[in-house]
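Student: My questions concern the predicted model and sequence given below.
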Amino acid sequence: MSKTIIISNRLPVQLQIDNRKITATPSVGGLATGMKSVHSGGDSLWIGWSGLTDEEIPNGLAPEIDKALAKHGSSKVSLTTAEVDGFYYGFSNRTIWPLFHYFLEYAEFELESWNIYKAVNQKFADAILEKAEDDDIIWVHDYQLMLVPQMVRKQRPNVSIGFFLHIPFPSYEIFRTLPWRKEVLEGLLGADLIGFHTYDYERHFLSSVRRLLRLEVSFNDIHLDDRVIKVDSFPMGIDYKKFSDAAKKHHENKEVDKSELQKRLDMHKKNQPNAKFLLSIDRLDYSKGIAKRLKAFEYFLNENPQYKEKVRLIILAVPSRSNVPQYQLLKKEIDELVGRINGEFSTVSWTPIWYFYRSMPFENLIDLYTSCDIAWLTPIRDGMNLVAKEYIATRTDKTGVLILSEMAGSANEMNESLLINPNNFEEISEALLQAINMPKEEQQARNGILQKRLERYNVEKWANDFMTSLLEQKQNEKQHKSR
Ligand code: ADQ
């Protein structure tokens with residue numbers, strides 16, 4: 001019987017080692033949840049890095065870790081600290097991430113980290129090859145593993161391979177600056193199906209394939225020797241039910257069951273019933289436009305002084321990649337901006353920005369989503385942006401306004417939100433005014449449409465559509481070869 005093998009940089013399991021006792025708990029992230037329908041039962045395996053480098057694993061404990069992971073259908077790729085530095089913090093996050101998000105000035109082109117990226121991709125491919133049979137289905141995820149499809153294809157020509165990119169694929173003019181551009185494209189073309197969040201990313205990819213590899217592309221099929229590779233878009237959804245159910249439960253909570261955060265939010269709402277809460281949630285990443293958003297908020301307060309004491313911005317920034325210098329600089333910039341704006345505008349009874357630099361438990365995320373009148377998400381570039389979708393899913397009475405950057409992949413499916421250009425402060429300021437003053441009926445009309453769409457195209461549908469398309473592609477290819 002064929003099995004499904006999923007490969008991503010990180011495994012969907014959190015490991016904890018306490019006094020040589022190992023606990024493995026499933027992660028709750030979007031990808032892990034989304035893949036539930038694919039990664040269940042005994043016929044699937046997830047391969048990835050455990051999050052602990054070889055040096056961090058206590059002596060003699062590796063076999064125990066393997067056993068704990070196996071219980072979750074997972075198998076680890078072992079990486080040394082030097083490999084994680086070169087592959088993850090290096091090539092993945094100092095070259096590909098900035099380049100693919102159009103931050104060309106941040107992209108470093110270091111031969112050494114490229115070589116480590118290649119070697120680590122080979123390690124992942126070897127881990128797959130060790131487990132894969134010819135009729136297995138392999139689904140490779142994201143920008144850290146773009147060479148894996150071809151590495152596997154070389155050894156197993158008949159296996160089915162799908163690849164999904166979670167970040168944008170940039171335009172040809174950006175992509176062509178990468179010294180190893182052809183190798184990256186060739187690596188991806190080892191797959192039978194290559195998926196992106198949006199049609200634009202798909203088009204950019206096809207254009208690079210045409211111009212750099214001079215391959216024949218008909219519609220969204222790429223012809224390579226006797227193979228046909230399909231390229232398509234699959235906009236990732238969320239676990240809609242999980243978020244809307246959590247919000248319903250949240251509203252039923254008795255006073256004693258409320259979190260401290262919720263109690264504080266309620267207290268402020270009671271004291272200032274006409275004040276609006278604006279919410280901004282992201283990983284602390286330059287692509288998310290947090291610093292620009294803060295400057296836009298300062299602009300808004302200066303241009304609209306009548307809203308002082310009437311709006312409050314909650315910024316939740318999740319620590320991320322703090323080993324990379326750009327992220328450290330950004331953290332400093334945000335700290336300073338928050339300090340400056342609060343220093344400039346605060347009054348005895350009002351602090352314009354509440355700033356949290358941490359990850360929050362799911363319940364607190366729901367507190368914020370359900371309590372904030374406006375979600376304000378303005379990435380400079382974002383593959384999709386699931387936070388926008390999560391906010392809408394939690395609005396059980398359909399009130400609330402989403403202000404969303406048109407540079408986020410999710411903007412394509414969320415036309416009923418207020419779409420803005422994150423670089424245009426005047427436009428943002430107008431959107432804030434519109435959001436603050438939007439009649440309840442209009443909010444409900446917009447969100448009603450959005451909710452229906454998000455409920456229908458949820459994350460399970462996304463995963464199933466990708467798998468169905470991959471199986472179809474394999475069938476088509478077989479027919480093509482037998483002609
Ligand atoms: P990310 O860049 O991480 O993902 P996003 O899609 O917004 O961005 O997902 C973030 C997730 O983290 C959300 O599910 C959110 O609930 C959670 N989260 C955010 N803040 C949190 C906090 N403080 N505490 C706990 N959890 C928090 C990458 C790409 C995106 C793409 C996704 C999926 O960069 O563009 O949408 O993958 O493909």
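Tutor: Cool, got the structure.

Student: Can you give me the first-to-last residue distance of stretch 450-469?
Tutor: Taking C-alpha to C-alpha, to the nearest Å, stretch 450-469 runs 25 Å from one end to the other.

Student: That one and the ligand, are they touching?
Tutor: No. Stretch 450-469 lies out of reach of the ligand by C-beta under 6 Å from any ligand atom, never closer than 9.3 Å. Heads up, the C-betas are built off the backbone N, CA and C, glycines and all.

Student: Pull out the buried residues from that stretch.
Tutor: Across stretch 450-469, burial judged by 16 or more other C-beta atoms under 10 Å covers 450-451, 453-455, 457-463, 465-467, 469.

Student: Can you tell me which of these end up in helices?
Tutor: Counting by DSSP state H, the buried residues of stretch 450-469 place 450-451, 453-455, 459-463, 465-467, 469 in helices.

Student: export these to a markdown table and tack on pLDDT and distance to Met151?
Tutor: Shown next, in a markdown table, are those (pLDDT from 0 to 100; distance: C-beta to C-beta, whole Å):
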| residue | pLDDT | distance to Met151 |
| --- | --- | --- |
| Leu450 | 98 | 41 |
| Gln451 | 98 | 42 |
| Arg453 | 98 | 38 |
| Leu454 | 98 | 36 |
| Glu455 | 98 | 39 |
| Val459 | 92 | 28 |
| Glu460 | 91 | 30 |
| Lys461 | 94 | 30 |
| Trp462 | 95 | 26 |
| Ala463 | 93 | 24 |
| Asp465 | 96 | 26 |
| Phe466 | 97 | 21 |
| Met467 | 95 | 22 |
| Ser469 | 97 | 23 |
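
Student: Looking at the residues you listed, spot the one nearest Asn115.
Tutor: Phe466 (31.2 Å; C-beta to C-beta).

Student: Grab the nearest non-local neighbour of the closest one.
Tutor: Computed as C-beta to C-beta, 6 or more residues apart in numbering, the closest residue to Phe466 that is not its neighbour in sequence is Phe234, at 5.1 Å.

Student: Next, count neighbours for that neighbour.
Tutor: 20 (other C-beta atoms under 10 Å).

Student: Kindly report the same for Phe109.
Tutor: 14.

Student: what separates the lowest-mean-pLDDT helix or strand in the chain from the chain centre, distance-wise?
Tutor: Across the helices and strands of the chain, mean confidence by mean pLDDT, DSSP states H and E is lowest for helix 30-34: a mean of 75. Between the centre of helix 30-34 and the centre of its host chain there is 10 Å, according to C-alpha atoms, centre = their mean, to the nearest Å.

Student: Give me the next element, helix or strand, following that helix.
Tutor: strand 44-49 (DSSP states H and E).

Student: Which secondary structure elements does that next one sit against?
Tutor: If you count contacts as 3 or more C-beta pairs under 8 Å, 6 or more residues apart in numbering; DSSP states H and E, strand 44-49 packs onto strand 4-10, strand 74-76, helix 111-131.

Student: Tell me which of the ones you listed lies nearest to the ligand.
Tutor: Closest to the ligand of these, according to C-beta to the nearest ligand atom: strand 4-10, at 10.8 Å.

Student: Partner strands of that closest one, with direction?
Tutor: strand 44-49 (parallel), strand 137-141 (parallel) (DSSP bridges).

Student: can you tell me the helix or strand for the nearest residue to Leu178 once chain neighbours are set aside?
Tutor: In this structure, Leu178 finds its nearest non-sequential neighbour in Leu99, 6.2 Å apart by C-beta to C-beta, 6+ apart. Per DSSP H and E: Leu99 is located in helix 97-100.

Student: just checking, what packs against that helix?
Tutor: For helix 97-100, the elements it packs on are helix 172-175, judged by 3+ C-beta pairs under 8 Å, 6+ apart.

Student: What residues sit buried inside the helix it packs on?
Tutor: Those would be 172, 174-175, for helix 172-175 by 16+ other C-beta under 10 Å.

Student: so what secondary structure elements neighbour the helix or strand following that helix?
Tutor: Of the helices and strands lying after helix 172-175 in sequence (DSSP H and E), the nearest is helix 181-188. Contact here means 3+ C-beta pairs under 8 Å, 6+ apart; on that basis helix 181-188 packs against helix 148-155, helix 199-208.

Student: Show me what whichever helix or strand comes after helix 181-188 pairs with in its sheet, parallel or antiparallel.
Tutor: Once the chain leaves helix 181-188, the next helix or strand it forms, by DSSP H and E, is strand 193-196. In the sheet, strand 193-196 lines up against strand 160-164 (parallel), strand 227-233 (parallel) (DSSP bridges).

Student: How about Ala393: what's its closest non-neighbour residue?
Tutor: Here the residue nearest Ala393, using C-beta to C-beta, 6+ apart, is Phe243, at 3.8 Å.

Student: Distance from the helix or strand harbouring that neighbour to the middle of the chain?
Tutor: If you go by DSSP H and E, Phe243 is part of helix 240-252. On the basis of C-alpha atoms, centre = their mean, helix 240-252 sits 22 Å off its chain's mean C-alpha point.

Student: The following helix or strand past that helix and the ligand in contact?
Tutor: Next along the chain after helix 240-252, taking DSSP H and E as the criterion, comes helix 260-271. No. Shown here: helix 260-271 not in contact with the ligand (C-beta under 6 Å from any ligand atom), separated by at least 11.6 Å.

Student: helices or strands next to helix 260-271 in the packing?
Tutor: Helix 260-271 packs on strand 276-283, helix 362-371, going by 3+ C-beta pairs under 8 Å, 6+ apart.
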